[in-house]
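Visitor: Provided below for reference: sequence and predicted model.
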Amino acid sequence: MLPKPFANKADFEITFKDYFNPLVNFVNRYLNDFEDSREVVQNTFIKIWKQKDEIIIKTSAKSYLYQVTRNTMIDFVRNQKNKKASDLTDQLMASIEDVTEEQLDPYIVRQAVENAMKDMKDKSKEIFVLNKFEGLTYEEIADYLNISKRSVEDNIYRVSQQIKERLKNHPYFFD
Amino acid sequence: MSKLDSILKQNAEIKDFQVYDTQVEWDLFLEKVENSEKVESTKTESTKIFTFYNFLRSVAAIFVLVFFCIWTLKKPENIRNTFEAAAGKSIELVDGSTILSQGATINYPTTFAEQNTRTIYLEGNATFDVKKSILPFYVYAGKLKVDVIGTKFDIVQTKDTINIENKEGTVKVSEILNPKNAVTLYQGDKFQYINGQFKNLNAIEVTKDTTEFTKKPVEVSPEPKKKEIKETKPVVAETGSTYKLGSVLKDYILKQNKKVVKIDKKFKYDPEMRVKLNLNLPYQELINNLKNKGIIDTQPGDCEGCIIITAPKSLGK
(Lines give C-alpha, C1' and ligand atoms only; values in the text may rest on other atoms or scores of the structure.)
Protein backbone atom coordinates (compact mmCIF):
# COMPACT_ATOMS: atom_id res chain seq x y z
CA MET A 1 0.00 0.00 0.00
CA LEU A 2 1.50 3.29 -1.01
CA PRO A 3 1.43 5.81 1.79
CA LYS A 4 -0.11 9.22 1.84
CA PRO A 5 2.89 11.38 1.41
CA PHE A 6 3.69 14.07 3.91
CA ALA A 7 0.54 15.35 5.52
CA ASN A 8 1.48 14.75 9.12
CA LYS A 9 4.35 13.30 11.07
CA ALA A 10 2.98 9.77 11.11
CA ASP A 11 2.47 9.68 7.35
CA PHE A 12 5.80 11.34 6.80
CA GLU A 13 7.47 8.65 8.87
CA ILE A 14 5.89 5.89 6.79
CA THR A 15 6.97 7.54 3.56
CA PHE A 16 10.44 8.12 4.91
CA LYS A 17 10.88 4.50 5.95
CA ASP A 18 9.45 3.13 2.72
CA TYR A 19 11.63 5.19 0.44
CA PHE A 20 14.83 5.72 2.38
CA ASN A 21 16.73 2.65 1.24
CA PRO A 22 15.60 2.70 -2.39
CA LEU A 23 16.58 6.37 -2.64
CA VAL A 24 19.97 5.92 -0.99
CA ASN A 25 20.83 3.08 -3.33
CA PHE A 26 19.51 4.97 -6.33
CA VAL A 27 21.64 8.01 -5.46
CA ASN A 28 24.62 5.77 -4.82
CA ARG A 29 24.49 4.62 -8.42
CA TYR A 30 25.69 8.10 -9.31
CA LEU A 31 27.69 9.22 -6.30
CA ASN A 32 29.22 5.81 -5.68
CA ASP A 33 29.59 6.58 -1.97
CA PHE A 34 27.01 5.39 0.49
CA GLU A 35 27.78 8.00 3.12
CA ASP A 36 27.31 10.82 0.63
CA SER A 37 24.17 9.15 -0.65
CA ARG A 38 22.73 8.94 2.84
CA GLU A 39 23.45 12.60 3.34
CA VAL A 40 21.70 13.52 0.10
CA VAL A 41 18.59 11.53 1.01
CA GLN A 42 18.48 12.90 4.55
CA ASN A 43 18.74 16.43 3.10
CA THR A 44 15.98 15.60 0.63
CA PHE A 45 13.60 14.66 3.40
CA ILE A 46 14.60 17.67 5.47
CA LYS A 47 13.81 19.95 2.54
CA ILE A 48 10.41 18.33 2.13
CA TRP A 49 9.73 18.46 5.84
CA LYS A 50 10.36 22.19 5.94
CA GLN A 51 7.78 22.71 3.20
CA LYS A 52 5.35 20.02 4.18
CA ASP A 53 2.60 22.42 5.18
CA GLU A 54 2.80 24.19 1.85
CA ILE A 55 3.22 21.27 -0.49
CA ILE A 56 0.45 20.38 -2.82
CA ILE A 57 1.56 17.32 -4.65
CA LYS A 58 -0.02 16.97 -8.04
CA THR A 59 1.96 13.94 -9.02
CA SER A 60 2.58 10.85 -6.89
CA ALA A 61 4.71 10.80 -3.74
CA LYS A 62 7.24 8.79 -5.65
CA SER A 63 7.54 11.37 -8.44
CA TYR A 64 7.85 14.18 -5.97
CA LEU A 65 10.50 12.38 -3.97
CA TYR A 66 12.37 11.56 -7.14
CA GLN A 67 12.41 15.20 -8.22
CA VAL A 68 13.57 16.58 -4.90
CA THR A 69 16.21 13.85 -4.59
CA ARG A 70 17.52 14.55 -8.03
CA ASN A 71 17.77 18.27 -7.29
CA THR A 72 19.48 17.62 -3.97
CA MET A 73 21.95 15.33 -5.73
CA ILE A 74 22.71 18.04 -8.28
CA ASP A 75 23.27 20.61 -5.52
CA PHE A 76 25.52 18.17 -3.73
CA VAL A 77 27.64 17.52 -6.81
CA ARG A 78 27.83 21.23 -7.60
CA ASN A 79 29.03 21.84 -4.08
CA GLN A 80 31.71 19.20 -4.49
CA LYS A 81 32.72 20.77 -7.77
CA ASN A 82 33.35 24.06 -6.02
CA LYS A 83 35.71 22.32 -3.67
CA LYS A 84 37.68 20.43 -6.26
CA ALA A 85 37.76 20.90 -10.00
CA SER A 86 37.59 17.58 -11.78
CA ASP A 87 36.46 16.09 -15.06
CA LEU A 88 34.77 13.35 -13.12
CA THR A 89 32.37 15.86 -11.60
CA ASP A 90 31.38 17.20 -15.01
CA GLN A 91 30.72 13.71 -16.31
CA LEU A 92 28.78 12.87 -13.18
CA MET A 93 26.68 15.99 -13.52
CA ALA A 94 25.90 15.07 -17.10
CA SER A 95 24.77 11.59 -16.15
CA ILE A 96 22.59 12.89 -13.32
CA GLU A 97 20.96 15.36 -15.67
CA ASP A 98 20.08 12.47 -17.96
CA VAL A 99 18.45 10.42 -15.26
CA THR A 100 14.74 9.63 -15.43
CA GLU A 101 12.21 8.61 -12.85
CA GLU A 102 11.94 5.10 -14.24
CA GLN A 103 15.49 4.50 -13.11
CA LEU A 104 14.30 4.70 -9.51
CA ASP A 105 11.88 1.79 -10.01
CA PRO A 106 14.33 -1.11 -9.77
CA TYR A 107 15.43 0.19 -6.36
CA ILE A 108 11.90 0.27 -5.08
CA VAL A 109 11.42 -3.25 -6.35
CA ARG A 110 14.66 -4.39 -4.73
CA GLN A 111 13.60 -2.88 -1.39
CA ALA A 112 10.29 -4.72 -1.55
CA VAL A 113 12.12 -7.96 -2.23
CA GLU A 114 14.58 -7.27 0.62
CA ASN A 115 11.62 -6.67 2.93
CA ALA A 116 10.06 -9.91 1.80
CA MET A 117 13.32 -11.70 2.56
CA LYS A 118 13.91 -9.99 5.91
CA ASP A 119 12.97 -12.91 8.13
CA MET A 120 14.73 -15.51 6.08
CA LYS A 121 17.91 -17.28 7.11
CA ASP A 122 21.12 -15.66 5.84
CA LYS A 123 22.16 -18.74 3.91
CA SER A 124 18.87 -19.04 2.05
CA LYS A 125 18.96 -15.37 1.23
CA GLU A 126 22.52 -15.54 0.02
CA ILE A 127 21.76 -18.38 -2.38
CA PHE A 128 18.80 -16.52 -3.78
CA VAL A 129 20.72 -13.23 -4.12
CA LEU A 130 23.68 -14.91 -5.80
CA ASN A 131 21.40 -16.37 -8.44
CA LYS A 132 18.81 -13.66 -8.99
CA PHE A 133 20.88 -10.54 -8.45
CA GLU A 134 24.40 -11.58 -9.15
CA GLY A 135 23.68 -13.93 -12.00
CA LEU A 136 25.52 -17.04 -10.81
CA THR A 137 24.24 -20.36 -12.14
CA TYR A 138 23.12 -23.14 -9.82
CA GLU A 139 26.36 -24.98 -10.49
CA GLU A 140 28.45 -21.95 -9.69
CA ILE A 141 26.60 -21.36 -6.45
CA ALA A 142 26.87 -25.01 -5.45
CA ASP A 143 30.58 -24.80 -6.08
CA TYR A 144 31.07 -21.47 -4.33
CA LEU A 145 29.18 -22.50 -1.21
CA ASN A 146 30.24 -26.13 -1.27
CA ILE A 147 26.72 -27.56 -1.30
CA SER A 148 24.77 -29.73 -3.72
CA LYS A 149 23.08 -28.33 -6.79
CA ARG A 150 19.85 -29.85 -5.56
CA SER A 151 20.08 -27.83 -2.31
CA VAL A 152 20.50 -24.70 -4.37
CA GLU A 153 17.44 -25.48 -6.50
CA ASP A 154 15.26 -26.32 -3.53
CA ASN A 155 16.37 -23.21 -1.73
CA ILE A 156 15.68 -20.89 -4.63
CA TYR A 157 12.27 -22.42 -5.21
CA ARG A 158 11.34 -22.05 -1.55
CA VAL A 159 12.52 -18.44 -1.30
CA SER A 160 10.74 -17.50 -4.55
CA GLN A 161 7.49 -18.89 -3.21
CA GLN A 162 7.87 -16.99 0.03
CA ILE A 163 8.61 -13.74 -1.77
CA LYS A 164 5.67 -14.16 -4.14
CA GLU A 165 3.41 -14.74 -1.18
CA ARG A 166 4.59 -11.63 0.61
CA LEU A 167 4.49 -9.40 -2.44
CA LYS A 168 1.02 -10.57 -3.44
CA ASN A 169 -0.63 -7.30 -2.57
CA HIS A 170 2.13 -4.89 -3.46
CA PRO A 171 0.82 -2.54 -6.15
CA TYR A 172 4.11 -2.39 -8.01
CA PHE A 173 4.10 -6.04 -8.87
CA PHE A 174 0.61 -7.18 -9.31
CA ASP A 175 -1.32 -4.26 -10.68
CA MET B 1 9.92 -16.82 -17.18
CA SER B 2 7.74 -16.21 -14.14
CA LYS B 3 6.51 -12.74 -13.27
CA LEU B 4 8.83 -12.66 -10.27
CA ASP B 5 11.76 -13.64 -12.46
CA SER B 6 11.06 -10.90 -14.97
CA ILE B 7 10.80 -8.37 -12.15
CA LEU B 8 14.06 -9.59 -10.68
CA LYS B 9 15.75 -9.50 -14.06
CA GLN B 10 15.13 -5.76 -14.21
CA ASN B 11 16.86 -5.63 -10.88
CA ALA B 12 19.94 -7.44 -12.05
CA GLU B 13 21.95 -4.31 -12.70
CA ILE B 14 21.90 -3.31 -9.05
CA LYS B 15 25.07 -4.63 -7.51
CA ASP B 16 25.53 -3.46 -3.91
CA PHE B 17 22.16 -2.86 -2.33
CA GLN B 18 22.63 -1.49 1.16
CA VAL B 19 19.83 -1.81 3.66
CA TYR B 20 19.99 0.77 6.42
CA ASP B 21 18.01 0.56 9.61
CA THR B 22 15.17 2.93 8.81
CA GLN B 23 14.30 3.48 12.46
CA VAL B 24 17.83 4.69 13.12
CA GLU B 25 17.71 6.90 10.04
CA TRP B 26 14.32 8.28 11.02
CA ASP B 27 15.61 9.13 14.50
CA LEU B 28 18.61 10.84 12.98
CA PHE B 29 16.33 12.75 10.63
CA LEU B 30 14.15 13.95 13.50
CA GLU B 31 17.19 15.03 15.42
CA LYS B 32 18.41 17.12 12.50
CA VAL B 33 15.00 18.63 11.96
CA GLU B 34 14.51 19.41 15.62
CA ASN B 35 17.95 20.95 15.88
CA SER B 36 17.35 23.21 12.94
CA GLU B 37 13.95 24.22 14.29
CA LYS B 38 15.46 25.07 17.64
CA VAL B 39 18.05 27.32 16.05
CA GLU B 40 15.29 29.23 14.34
CA SER B 41 13.48 30.11 17.58
CA THR B 42 14.53 33.12 19.77
CA LYS B 43 18.09 32.92 21.03
CA THR B 44 17.68 33.48 24.78
CA GLU B 45 14.78 31.06 25.02
CA SER B 46 16.44 28.36 23.02
CA THR B 47 19.67 28.79 24.90
CA LYS B 48 17.90 28.30 28.23
CA ILE B 49 15.94 25.29 27.01
CA PHE B 50 18.95 23.83 25.28
CA THR B 51 21.05 24.18 28.42
CA PHE B 52 18.33 22.60 30.51
CA TYR B 53 17.85 19.71 28.07
CA ASN B 54 21.60 19.31 27.94
CA PHE B 55 21.68 19.03 31.70
CA LEU B 56 18.87 16.49 31.70
CA ARG B 57 20.55 14.53 28.92
CA SER B 58 23.85 14.49 30.81
CA VAL B 59 22.17 13.23 33.96
CA ALA B 60 20.32 10.56 32.00
CA ALA B 61 23.52 9.57 30.24
CA ILE B 62 25.37 9.22 33.53
CA PHE B 63 22.65 6.99 34.94
CA VAL B 64 22.68 4.83 31.83
CA LEU B 65 26.47 4.59 31.96
CA VAL B 66 26.52 3.62 35.64
CA PHE B 67 23.75 1.08 35.13
CA PHE B 68 25.51 -0.35 32.11
CA CYS B 69 28.81 -0.65 34.00
CA ILE B 70 27.14 -2.45 36.88
CA TRP B 71 25.27 -4.70 34.48
CA THR B 72 28.31 -5.64 32.42
CA LEU B 73 30.51 -6.11 35.45
CA LYS B 74 27.90 -8.34 37.02
CA LYS B 75 27.28 -10.43 33.99
CA PRO B 76 30.60 -12.15 33.32
CA GLU B 77 31.20 -13.18 36.94
CA ASN B 78 29.58 -16.51 36.50
CA ILE B 79 30.47 -17.30 32.96
CA ARG B 80 34.01 -16.11 32.29
CA ASN B 81 37.30 -17.37 33.60
CA THR B 82 40.83 -16.13 33.35
CA PHE B 83 43.56 -18.65 32.77
CA GLU B 84 47.18 -17.72 33.33
CA ALA B 85 49.38 -20.29 31.77
CA ALA B 86 52.96 -20.94 30.95
CA ALA B 87 53.82 -22.24 27.51
CA GLY B 88 52.51 -25.68 26.82
CA LYS B 89 49.37 -25.48 28.90
CA SER B 90 46.10 -25.49 27.03
CA ILE B 91 42.43 -24.99 27.69
CA GLU B 92 39.52 -26.51 25.89
CA LEU B 93 36.37 -24.48 25.37
CA VAL B 94 32.97 -26.11 25.64
CA ASP B 95 32.68 -26.33 21.85
CA GLY B 96 35.89 -28.29 21.54
CA SER B 97 38.05 -25.36 20.42
CA THR B 98 41.45 -25.34 22.09
CA ILE B 99 43.79 -22.54 23.03
CA LEU B 100 47.39 -23.55 23.60
CA SER B 101 49.29 -20.99 25.65
CA GLN B 102 52.75 -19.99 24.54
CA GLY B 103 53.00 -17.78 27.63
CA ALA B 104 49.60 -16.12 27.93
CA THR B 105 46.75 -14.88 30.05
CA ILE B 106 43.46 -15.93 28.50
CA ASN B 107 40.01 -14.71 29.48
CA TYR B 108 37.33 -17.01 28.08
CA PRO B 109 33.66 -17.89 28.57
CA THR B 110 32.93 -21.10 30.43
CA THR B 111 29.66 -21.53 28.61
CA PHE B 112 28.25 -20.46 25.25
CA ALA B 113 24.64 -20.68 26.39
CA GLU B 114 22.79 -17.43 25.68
CA GLN B 115 25.87 -16.03 23.96
CA ASN B 116 25.95 -14.47 20.50
CA THR B 117 29.66 -14.90 20.05
CA ARG B 118 32.63 -16.85 21.33
CA THR B 119 34.91 -14.09 22.57
CA ILE B 120 38.40 -14.47 24.00
CA TYR B 121 40.63 -11.78 25.50
CA LEU B 122 44.30 -12.56 25.08
CA GLU B 123 47.44 -11.16 26.66
CA GLY B 124 50.65 -12.75 25.48
CA ASN B 125 51.02 -15.53 22.92
CA ALA B 126 48.81 -18.46 22.03
CA THR B 127 47.91 -20.92 19.33
CA PHE B 128 44.24 -21.31 18.48
CA ASP B 129 42.43 -24.30 17.04
CA VAL B 130 38.88 -23.18 16.50
CA LYS B 131 35.97 -25.49 15.79
CA LYS B 132 33.48 -24.35 13.20
CA SER B 133 30.23 -23.18 14.71
CA ILE B 134 27.29 -20.88 14.07
CA LEU B 135 28.68 -18.51 16.71
CA PRO B 136 31.42 -16.26 15.40
CA PHE B 137 34.76 -16.53 17.19
CA TYR B 138 36.59 -13.34 18.17
CA VAL B 139 39.93 -12.82 19.86
CA TYR B 140 40.79 -9.44 21.30
CA ALA B 141 44.56 -9.07 21.50
CA GLY B 142 46.00 -5.67 22.40
CA LYS B 143 44.55 -3.16 19.97
CA LEU B 144 43.31 -5.77 17.56
CA LYS B 145 40.23 -7.86 17.06
CA VAL B 146 40.63 -11.15 15.24
CA ASP B 147 37.55 -12.46 13.49
CA VAL B 148 37.95 -16.17 12.98
CA ILE B 149 36.37 -17.61 9.88
CA GLY B 150 38.86 -20.42 9.73
CA THR B 151 40.44 -22.71 12.15
CA LYS B 152 44.10 -22.56 13.13
CA PHE B 153 46.19 -19.48 13.84
CA ASP B 154 48.88 -18.08 16.16
CA ILE B 155 49.05 -14.75 17.93
CA VAL B 156 52.37 -13.46 19.27
CA GLN B 157 52.38 -10.14 21.14
CA THR B 158 55.30 -7.98 22.23
CA LYS B 159 55.27 -4.49 23.70
CA ASP B 160 55.07 -2.83 20.30
CA THR B 161 53.95 -5.48 17.87
CA ILE B 162 51.35 -8.17 17.36
CA ASN B 163 52.13 -10.98 14.93
CA ILE B 164 49.41 -13.19 13.54
CA GLU B 165 50.07 -16.30 11.51
CA ASN B 166 47.17 -18.08 9.97
CA LYS B 167 47.72 -21.77 9.45
CA GLU B 168 44.37 -22.90 8.15
CA GLY B 169 41.16 -21.31 6.96
CA THR B 170 40.57 -17.56 6.93
CA VAL B 171 41.02 -14.96 9.62
CA LYS B 172 40.06 -11.30 9.56
CA VAL B 173 41.99 -8.92 11.81
CA SER B 174 40.98 -5.34 12.52
CA GLU B 175 41.88 -2.49 14.84
CA ILE B 176 39.33 -2.36 17.64
CA LEU B 177 39.17 1.43 17.62
CA ASN B 178 39.20 1.71 13.85
CA PRO B 179 37.54 -1.36 12.32
CA LYS B 180 38.16 -0.11 8.79
CA ASN B 181 41.88 -0.70 9.38
CA ALA B 182 41.76 -4.43 8.74
CA VAL B 183 43.40 -7.28 6.84
CA THR B 184 42.25 -10.75 5.86
CA LEU B 185 44.70 -13.60 6.29
CA TYR B 186 44.33 -16.65 4.09
CA GLN B 187 45.96 -19.97 4.77
CA GLY B 188 49.67 -19.49 5.32
CA ASP B 189 49.55 -15.70 5.63
CA LYS B 190 51.53 -13.97 8.31
CA PHE B 191 50.99 -10.33 9.28
CA GLN B 192 52.50 -7.98 11.79
CA TYR B 193 50.63 -5.09 13.38
CA ILE B 194 53.03 -2.31 14.33
CA ASN B 195 52.44 1.38 14.99
CA GLY B 196 48.89 1.25 13.77
CA GLN B 197 49.61 -0.49 10.49
CA PHE B 198 49.52 -4.03 9.13
CA LYS B 199 52.66 -5.37 7.48
CA ASN B 200 52.46 -8.47 5.33
CA LEU B 201 55.39 -10.61 6.45
CA ASN B 202 54.93 -13.10 3.60
CA ALA B 203 55.37 -10.47 0.96
CA ILE B 204 58.50 -8.70 2.06
CA GLU B 205 61.65 -10.20 0.59
CA VAL B 206 64.02 -7.40 1.60
CA THR B 207 65.45 -7.24 5.11
CA LYS B 208 62.84 -6.08 7.55
CA ASP B 209 63.32 -2.41 8.09
CA THR B 210 60.82 -0.98 10.50
CA THR B 211 62.35 2.47 10.74
CA GLU B 212 59.96 3.66 8.02
CA PHE B 213 57.06 3.17 10.39
CA THR B 214 58.31 4.54 13.65
CA LYS B 215 57.62 8.16 12.87
CA LYS B 216 54.04 7.71 11.79
CA PRO B 217 51.59 8.49 14.57
CA VAL B 218 48.61 6.21 15.10
CA GLU B 219 45.69 8.27 13.83
CA VAL B 220 42.05 7.61 13.36
CA SER B 221 41.48 9.79 10.34
CA PRO B 222 39.10 9.67 7.39
CA GLU B 223 41.66 8.08 5.10
CA PRO B 224 44.06 6.03 7.20
CA LYS B 225 44.25 3.27 4.60
CA LYS B 226 45.63 5.53 1.90
CA LYS B 227 48.32 6.85 4.22
CA GLU B 228 49.25 3.29 5.14
CA ILE B 229 49.95 2.24 1.62
CA LYS B 230 52.21 5.27 1.12
CA GLU B 231 54.23 4.29 4.18
CA THR B 232 54.73 0.74 3.03
CA LYS B 233 55.91 1.79 -0.42
CA PRO B 234 59.55 2.44 0.52
CA VAL B 235 59.89 -1.04 1.96
CA VAL B 236 58.64 -2.95 -1.07
CA ALA B 237 59.74 -0.64 -3.85
CA GLU B 238 63.31 -1.87 -4.01
CA THR B 239 62.40 -5.24 -5.50
CA GLY B 240 59.52 -6.20 -7.80
CA SER B 241 58.54 -8.56 -5.05
CA THR B 242 56.44 -11.69 -5.17
CA TYR B 243 53.03 -11.59 -3.59
CA LYS B 244 50.07 -13.87 -3.29
CA LEU B 245 47.38 -13.01 -5.80
CA GLY B 246 44.72 -13.13 -3.08
CA SER B 247 46.53 -10.47 -1.04
CA VAL B 248 47.18 -8.28 -4.06
CA LEU B 249 43.58 -8.34 -5.24
CA LYS B 250 41.83 -8.10 -1.93
CA ASP B 251 44.17 -6.25 0.41
CA TYR B 252 45.80 -3.85 -2.00
CA ILE B 253 43.74 -3.23 -5.10
CA LEU B 254 40.23 -3.85 -3.86
CA LYS B 255 40.49 -2.47 -0.34
CA GLN B 256 42.29 0.72 -1.35
CA ASN B 257 39.91 1.41 -4.19
CA LYS B 258 36.58 0.09 -2.96
CA LYS B 259 34.67 2.78 -4.78
CA VAL B 260 35.87 1.95 -8.23
CA VAL B 261 37.10 -1.63 -8.24
CA LYS B 262 35.07 -4.80 -7.80
CA ILE B 263 35.92 -8.43 -8.31
CA ASP B 264 33.48 -10.53 -10.33
CA LYS B 265 32.13 -13.21 -8.02
CA LYS B 266 32.27 -15.72 -10.87
CA PHE B 267 36.01 -15.22 -11.13
CA LYS B 268 37.60 -18.08 -9.24
CA TYR B 269 41.24 -17.20 -8.90
CA ASP B 270 43.78 -19.04 -6.85
CA PRO B 271 44.59 -16.74 -3.93
CA GLU B 272 47.80 -18.68 -3.31
CA MET B 273 49.12 -17.99 -6.79
CA ARG B 274 52.34 -16.00 -6.66
CA VAL B 275 52.76 -12.91 -8.80
CA LYS B 276 55.73 -10.62 -9.13
CA LEU B 277 54.69 -6.98 -8.92
CA ASN B 278 55.88 -3.56 -7.92
CA LEU B 279 53.18 -2.42 -5.51
CA ASN B 280 54.53 1.10 -5.74
CA LEU B 281 52.53 1.55 -8.93
CA PRO B 282 49.06 3.09 -8.99
CA TYR B 283 46.25 0.54 -8.95
CA GLN B 284 45.37 1.03 -12.61
CA GLU B 285 48.88 0.00 -13.60
CA LEU B 286 48.81 -2.96 -11.25
CA ILE B 287 45.61 -4.08 -12.89
CA ASN B 288 47.10 -3.63 -16.38
CA ASN B 289 50.15 -5.54 -15.25
CA LEU B 290 48.02 -8.47 -14.15
CA LYS B 291 46.07 -8.27 -17.39
CA ASN B 292 49.24 -8.40 -19.46
CA LYS B 293 50.36 -11.46 -17.56
CA GLY B 294 47.06 -13.11 -18.46
CA ILE B 295 46.06 -13.48 -14.83
CA ILE B 296 42.96 -11.31 -14.95
CA ASP B 297 40.80 -9.42 -17.34
CA THR B 298 38.62 -6.40 -16.75
CA GLN B 299 35.26 -5.02 -17.70
CA PRO B 300 33.98 -1.49 -17.23
CA GLY B 301 31.84 -1.11 -14.16
CA ASP B 302 28.61 0.74 -13.55
CA CYS B 303 30.04 4.15 -12.79
CA GLU B 304 32.53 6.46 -14.45
CA GLY B 305 36.01 5.01 -14.14
CA CYS B 306 34.74 1.84 -12.42
CA ILE B 307 36.39 -1.50 -13.16
CA ILE B 308 35.28 -5.08 -12.59
CA ILE B 309 38.07 -7.65 -12.36
CA THR B 310 37.12 -10.85 -14.16
CA ALA B 311 38.68 -14.12 -15.28
CA PRO B 312 41.21 -13.84 -18.08
CA LYS B 313 39.92 -14.41 -21.62
CA SER B 314 42.19 -17.41 -22.14
CA LEU B 315 40.01 -19.43 -19.76
CA GLY B 316 37.20 -19.06 -22.19
CA LYS B 317 34.64 -17.52 -19.79
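Guide: Perfect, thanks for sending it.
Visitor: Could you use CA atoms for every contact and neighbour count after this?
Guide: OK.
Visitor: can you give me the helices for chain A?
Guide: A:9-31, A:34-51, A:61-83, A:87-97, A:105-117, A:122-132, A:138-145, A:149-167 (DSSP state H).
Visitor: Where among those is average confidence lowest?
Guide: Among those, helix A:87-97 carries the lowest mean pLDDT, a mean of 79.
Visitor: sorry, back to before: same list, the helices of chain A, but as JSON lines with distance to residue B:99 and mean neighbour count please.
Guide: Converted to JSON lines, these look like this (distance: least, CA to CA, whole Å; neighbours: other CA atoms under 10 Å in any protein chain shown):
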{"stretch": "helix A:9-31", "distance to residue B:99": "43", "mean neighbour count": "21"}
{"stretch": "helix A:34-51", "distance to residue B:99": "40", "mean neighbour count": "19"}
{"stretch": "helix A:61-83", "distance to residue B:99": "51", "mean neighbour count": "17"}
{"stretch": "helix A:87-97", "distance to residue B:99": "52", "mean neighbour count": "14"}
{"stretch": "helix A:105-117", "distance to residue B:99": "38", "mean neighbour count": "19"}
{"stretch": "helix A:122-132", "distance to residue B:99": "29", "mean neighbour count": "17"}
{"stretch": "helix A:138-145", "distance to residue B:99": "28", "mean neighbour count": "16"}
{"stretch": "helix A:149-167", "distance to residue B:99": "35", "mean neighbour count": "16"}
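Visitor: looking at these, which is closest to residue B:163?
Guide: For the helices of chain A, distance to residue B:163 was read as CA to CA. The smallest value, 30.3 Å, belongs to helix A:138-145.
Visitor: That closest one packs against which elements?
Guide: Taking 3 or more CA pairs under 8 Å, 6 or more residues apart in numbering or on different chains; DSSP states H and E as contact, the helices and strands that helix A:138-145 lies on are helix A:122-132, helix A:149-167.
Visitor: dump the residue contacts of the nearest residue to residue B:192 once chain neighbours are set aside.
Guide: In space, not counting the residues next to it along the chain, residue B:192 is nearest to residue B:163; the distance is 4.4 Å by CA to CA, 6 or more residues apart in numbering or on different chains. Residues counted as contacts of residue B:163 (CA atoms under 8 Å, 6 or more residues apart in numbering or on different chains) are B:154-157, B:190-193.
Visitor: Most neighbours among the residues you listed, please name it.
Guide: Of these, residue B:155 is surrounded by the most neighbours, 24 neighbours in total, counting by other CA atoms under 10 Å in any protein chain shown.
Visitor: sorry, back to before: of the helices of chain A, give the one that comes closest to residue B:275.
Guide: The closest approach between residue B:275 and any of the helices of chain A, judged by CA to CA, belongs to helix A:138-145 at 23.7 Å.
Visitor: hmm, back to that, between the helices and strands packed on helix A:138-145, which gets nearest to residue B:109?
Guide: With CA to CA as the measure, helix A:122-132 is the member of the helices and strands packed on helix A:138-145 nearest residue B:109 (26.1 Å).
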